[in-house]
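Asks: I need the structure of the sequence given here:
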Amino acid sequence: MYRITIRFYEELNDFLPRGKRKRDVDVAFPVRRSVKDLIESLGVPHGEVDLVLVNGASVDFSRIVADGDRISVYPVFESLDIAPVTRLRTAPLRDTRFVLDVHLRKLARRLRLLGFDVDYRENRGDAELAEISTRERRILLTRDRRLLMRRIVERGVFVRATRIDAQVADVLDRLDLRGSISPFTRCIECNGRMRSLPIDSPECSPALDAVPPGVRAWCREFHRCDGCGRVYWKGSHYDRLRRVVEALDVPPAGERSADRFKK
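Replies: Model prediction:
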């Protein structure tokens, strides 16, 4: 019988029963097992873990647990480069990109509104989501903790909240992304990049064929998505969405990009 002591830190405790949160937990098991297997047997997805210390030394997920080991498990530190003390990641993730599961459509649109690269489709299965996350080095956001336990998933965040405002705040704060917000720079629909469409440019006239005549009569500032070709302007929804952005305490640099949105 192997006996070890393990402790989980910060938000990793959300996955544990109340009696095991924020304290040393003694665990006994009869057969050899890896650190990854041990962590997930207690309900914590390995995709949410970025640092594991065994007896004070950083280890990878394949480390076989020995009798008497003391294990400390820490959550993802996207804002910090902890490469010198951990081998769980080949490199810190600096170009923050996401892939979201089918249940997070509103969150996908909101993160795109804030300028983040978000891959989302409504008909993807778990295997495809896990493969995209690994291949493209995207953080997998999901409401399904079992999805984060898939072996190939390297980076993932379990979205705890159900309300959209709380979901956005949770992702931004846990990954320290408020300073990376660049609002109104991506298409909410397709994730494409937005670019200015000067009213006197040759490409503007055909692009505006889809814009209502009433809007063309007064608006002189347009933007177009490089992906799907949608044309955006400051319409009736702009003020509401700008208030959404401002409520997140966007840094001043982001405000300079905040004049791009479709009616």
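
Asks: what's across from residue 74 in the sheet?
Replies: Beta bridges link residue 74 to residue 51, judged by DSSP bridges.

Asks: correct me, but it touches residue 48?
Replies: No. Residue 74 lies out of contact with residue 48 (C-beta atoms under 8 Å); the separation is 9.9 Å. The C-beta positions use only the backbone N, C-alpha and C, and glycine is treated the same way.

Asks: these two: which is more packed in?
Replies: residue 48 (25 against 20; other C-beta atoms under 10 Å).

Asks: quickly note the distance from that one to residue 59.
Replies: Separation of residue 48 from residue 59 (C-beta to C-beta, to the nearest Å): 17 Å.

Asks: shared neighbours of residue 74 and residue 48, which are they?
Replies: Residues touching both residue 74 and residue 48 (C-beta atoms under 8 Å, 6 or more residues apart in numbering): residue 12.

Asks: residue boundaries of the strands in this protein?
Replies: Using DSSP state E, the strands of the chain run over 2-8, 25-29, 49-54, 57-58, 70-75, 97-100, 117-119, 139-142, 156-158, 194-197, 222-225, 231-232.

Asks: buried residues in the first one, which are they?
Replies: When you say that, I think you mean strand 2-8. Within strand 2-8, the residues scored as buried using 16 or more other C-beta atoms under 10 Å are 2, 4, 6-8.

Asks: and for stretch 23-39?
Replies: Under 16+ other C-beta under 10 Å, the buried positions of stretch 23-39 are 25, 27, 35-39.

Asks: please enumerate the helices of the stretch 51-200 of the chain.
Replies: For the stretch 51-200 of the chain, the helices defined by DSSP state H, counting those that start in this stretch occupy 105-113, 126-135, 145-148, 164-174.

Asks: average pLDDT across stretch 9-27?
Replies: Stretch 9-27 carries an average pLDDT of 94.

Asks: how about residues contacting that stretch?
Replies: Applying C-beta under 8 Å, 6+ apart, the contact partners of stretch 9-27 are 3-8, 38, 42-45, 48-49, 72-75, 145, 158, 160, 174.
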